[in-house]
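Asker: from the sequence below, what's the structure:
(one chain, ligands or ions: 1)
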Amino acid sequence: MSSSRLSVGTVLLVLSSLVGVQTLLGQDMASAVIETREVAGNVYALFGPGGNIGVSVGDDGMLIVDDLMAPLTERVRGALGELGEGKVKFLLNTHWHPDHTGANQDWGGSAPIVAHHNVRHRLSTQQEVLGMTYGPLPAEGLPVVTFTDSLSIHFNGEEIRAIHLPGGHTDGDIVVWFSQSNVVHMGDLFFNGMFPFIDLGSGGDVLQFTGNVSAVLDRIPENVRIIPGHGPVGDIEDLRRFHTMLTETTAIVRAHIETGKSLEEIQAEETFDDYPGWGDVFITAPQWSAMIHASLTREDA
Ligand SMILES: [Zn+2]
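Answerer: Have a look, this model is predicted:
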């Protein structure tokens with residue numbers, strides 16, 4: 001398998017596995033539509049086949065969080081053009097996955113890319129996720145501003161704060177807090193209304209993921225608007241429900257393990273009936289059981 005990050009076959013495979021096959025069936029990349037939603041304050045969200053894009057729009061220009069995939073860049077530019085004439089001045093990557101960074105090289109020549117250190121490391125070396133291999137990005141696609149704990153960009157009249165929350169979805173996850181607009185972009189630490197994908201091979205872990213979501217809940221105000229990595233824009237109740245799902249389904253799988261059941265037995269039996277439909281969007285109930293099981297039974301757990 002070619003490791004070219006940009007081949008259409010790779011893109012479609014990634015999207016069909018990362019985003020959910022049903023969103024792409026009968027829909028090739030050329031016909032994918034980018035939808036725009038006003039979120040709050042200066043912040044908008046763009047939705048397409050891949051990770052949700054957050055946008056700050058104002059007198060300073062635009063700042064975007066994540067960038068979907070290269071074949072969609074012209075459509076993303078068109079959607080941004082509808083929001084204003086300002087240029088994109090900064091691009092933030094919430095983590096390295098190709099459905100969030102797949103267009104980095106289209107933006108990096110004109111806007112500095114900002115990300116956690118580990119994201120630059122992963123984007124500059126060969127990576128694997130969901131059975132696919134990705135070669136290093138060209139230099140113009142790599143983050144040029146990197147940080148370890150947090151970083152603030154003062155832009156469009158507010159502090160836009162990128163905060164590293166380690167070891168949840170990957171080892172480079174950040175959440176982005178738009179302090180005056182009262183919006184947080186969670187990256188893939190939040191899949192709204194569906195079981196999440198957790199990349200154990202990139203340093204992710206279900207327990208750490210749950211702890212990171214809890215840490216965000218402790219820090220955000222009640223009336224916040226939340227852009228998830230996947231799914232519709234939500235509020236704090238949606239994030240609380242997601243956190244409850246994480247803790248309850250983890251407890252269920254833990255109880256099965258303690259009674260001596262194998263992963264296969266757990267997968268055959270457990271449908272997480274308190275969360276109907278959550279396994280129909282992207283990650284199925286058996287896949288979710290497997291991620292929890294792997295996190296609970298790892299040698300260093
Ligand atoms: Zn991801």
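
Asker: contact residues of this protein facing the ion?
Answerer: By C-beta under 5 Å from the ion, the part of the chain that sits against the ion consists of 97, 188. All C-beta spots, glycine's among them, are computed from the backbone N, C-alpha and C.

Asker: how about the strands in the chain?
Answerer: Using DSSP state E, the strands assigned to the chain run over residues 35-40, 43-47, 53-58, 61-65, 88-92, 113-116, 127-129, 132-134, 145-147, 150-155, 158-164, 174-178, 183-185, 225-227.

Asker: where does the stretch 1-150 of the chain have low pLDDT?
Answerer: 1-28 (pLDDT under 70).

Asker: from it, which residue is nearest to the ion?
Answerer: Closest to the ion within the stretch 1-150 of the chain is residue 97: 3.5 Å, counting by C-beta to the ion.

Asker: how deep is that residue tucked in, by neighbour count?
Answerer: Neighbour count of residue 97, defined by other C-beta atoms under 10 Å: 29.

Asker: ok, it touching residue 199?
Answerer: Yes - Residue 97 is within contact range of residue 199, at 7.2 Å (criterion: C-beta atoms under 8 Å).

Asker: okay, and the common contacts of those two?
Answerer: Common contacts of residue 97 and residue 199 (C-beta atoms under 8 Å, 6 or more residues apart in numbering): 129, 170.

Asker: ok, longest helix in this protein?
Answerer: Longest helix in the chain by number of residues, with DSSP state H as the criterion: helix 236-258.

Asker: how far out from the middle of the chain is it?
Answerer: Offset of helix 236-258 from its chain centre (C-alpha atoms, centre = their mean, to the nearest Å): 19 Å.

Asker: show me what it packs onto, helices and strands only.
Answerer: Taking 3 or more C-beta pairs under 8 Å, 6 or more residues apart in numbering; DSSP states H and E as contact, the helices and strands that helix 236-258 lies on are helix 206-219, strand 225-227, helix 263-269, helix 285-297.

Asker: tell me which residues in that helix are buried?
Answerer: Using 16 or more other C-beta atoms under 10 Å as the burial criterion, the residues of helix 236-258 that qualify are 236, 238-239, 242-243, 245-246, 249-250, 252-253, 256-257.
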